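coords please:
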Amino acid sequence: MSCDRELTQKIRLFNRTYTNVLGLLDHHLLGGEHSLAEVRILFELSHRALCTATELSKCLLMDKGYLSRILTKLVKEDLIYKSPSTEDKRIQLLDMTAKGSAYIAEMDSRSNKQILSLIEPLSKENKEKLFKSISSVQRIITQEPLDKKKVTIRHNIKPGDMGQIISMHGRLYAQEFGYGLSFEGYVAETFFEFINHYDPINDRIWIAEYERELIGTIAVVGKGETALLRWFLLDPAFRGLGLGKQLINDAIDYCKNKGFKNIELGTAGDLKAALSLYKKLGFEIISQSENHQWRNNVVEIEMRMSVEH
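Okay, here's the model as predicted:
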């Protein structure tokens, strides 16, 4: 696929740029006495308590023979040492010497200074973009499991949030349900009205972020004795963690605490999983109508739940 070829070339270009900027291919890294591979091994050992060469090989994806030669060199230089395992004398455990710990601390300091010199000239906006981009790339490339503990929820709306929320709705509804631009326009119109008439006493928004990247939202709009749940959406990559249920339960609890008598929401027949969730929570369908603006044969559904106090 042309997309894959373009991505491959883009990644290779980034690798060349990154290694050149940081001097990763220099014979001696950061002006020290060791290569990148040697420093990587020392750095990993400094963050592990007594590990084996096999564990290091798997962690660093490094050939065992190549690793063995480097370890022998580092032992001779008194940067690391080997000791037999108390459980199995045949197993040699690796650890840092005092000299090795001091050396890697110095290299760590030099690395931090090098990176700081690169990012200090950047604007605050570009630093934020860089942080989010690196976090996303690391998550995508390594396919590391998502950690729900890294999810944060805030209730204040920052500049740029509105655009992200509207864009996220337009993009995901187009990808998953084939909705057109008119739906994104509808979200933009209604969300602008929410911002323009925001009532801090009755209205509230939940914005979920993962490493400062916006991944989900839900909001409550107070209308007299009725609360409207709006803009409930979660990035597909973060579904299945219970985060969606947490957001909507938090919103419902907020409505109960505020004394609203009814909670209403709008959804569509396409959203099978959402419909099932709403029904389990106690929402009932009060009306249905056809909508041909967002896409042909969309069934809009209005639901309501009475609040018990």
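
where does this structure have low pLDDT?
Applying pLDDT under 70 to the chain flags the ranges 1-2, 21-30, 309.

domains of it?
Recorded structural domains for the chain (assignment: automatic domain parsing) are 2-121, 150-306.

With mean neighbour count added, can I get the ones you listed in a markdown table?
To be clear about C-beta, it is placed using only N, CA and C from the backbone, and glycine gets the same treatment. Shown next, in a markdown table, are those (neighbours: other C-beta atoms under 10 Å):
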| stretch | mean neighbour count |
| --- | --- |
| domain 2-121 | 14 |
| domain 150-306 | 16 |
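
With respect to Thr142, which of these lies nearest?
Comparing those by their distance to Thr142 (C-beta to C-beta), the top pick is domain 2-121, with 11.5 Å.

related to what we said a few turns ago, please tabulate the domains of the chain in CSV, including the columns distance to Ser136.
As requested, these are exported to CSV (distance: least, C-beta to C-beta, whole Å):
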stretch, distance to Ser136
domain 2-121, 14
domain 150-306, 7
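
right, and the ones you listed - which one's nearest Arg139?
Closest approach to Arg139 among those (C-beta to C-beta): domain 150-306, 8.0 Å.

end to end, how far does that closest one reach?
Across domain 150-306, the terminal residues are separated by 34 Å (C-alpha to C-alpha, to the nearest Å).

can you give me the helices in the stretch 151-300 of the chain?
Remark: helices assigned in the stretch 151-300 of the chain by DSSP state H, counting those that start in this stretch are 161-177, 181-196, 243-258, 272-281.

For the longest one, output the C-alpha coordinates as CSV.
Extracted as CSV, the C-alpha positions of helix 161-177 are listed here (Å, rounded to 0.1, in the frame of the first residue of the first chain):
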residue,chain,number,x,y,z
ASP,A,161,-10.7,22.2,23.6
MET,A,162,-13.7,23.2,21.6
GLY,A,163,-12.0,22.6,18.3
GLN,A,164,-10.7,19.2,19.5
ILE,A,165,-14.1,18.0,20.7
ILE,A,166,-15.9,19.0,17.5
SER,A,167,-13.2,17.5,15.4
MET,A,168,-13.2,14.2,17.4
HIS,A,169,-17.0,13.9,17.0
GLY,A,170,-16.9,14.6,13.3
ARG,A,171,-14.0,12.2,12.6
LEU,A,172,-15.2,9.3,14.7
TYR,A,173,-18.9,9.5,13.6
ALA,A,174,-17.7,9.6,9.9
GLN,A,175,-15.4,6.6,10.4
GLU,A,176,-17.8,4.5,12.4
PHE,A,177,-21.2,5.4,11.1
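
That helix packs against which elements?
helix 181-196, strand 213-223, strand 226-234 (3 or more C-beta pairs under 8 Å, 6 or more residues apart in numbering; DSSP states H and E).

Same list (those) but as TSV, adding distance to Arg90.
Shown next, in TSV, are those (distance: least, C-beta to C-beta, whole Å):
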stretch	distance to Arg90
helix 181-196	64
strand 213-223	47
strand 226-234	50
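
looking at it, His169 is touching Leu181, isn't it?
No - His169 is beyond contact range of Leu181, at 11.6 Å (criterion: C-beta atoms under 8 Å).

What values do phi and psi take at Glu55?
phi -60, psi -40 (degrees, to the nearest 10).

Can you tell me the closest non-neighbouring residue to it?
Residue nearest to Glu55 in three dimensions, not counting chain neighbours: Arg48, with 7.7 Å by C-beta to C-beta, 6 or more residues apart in numbering.
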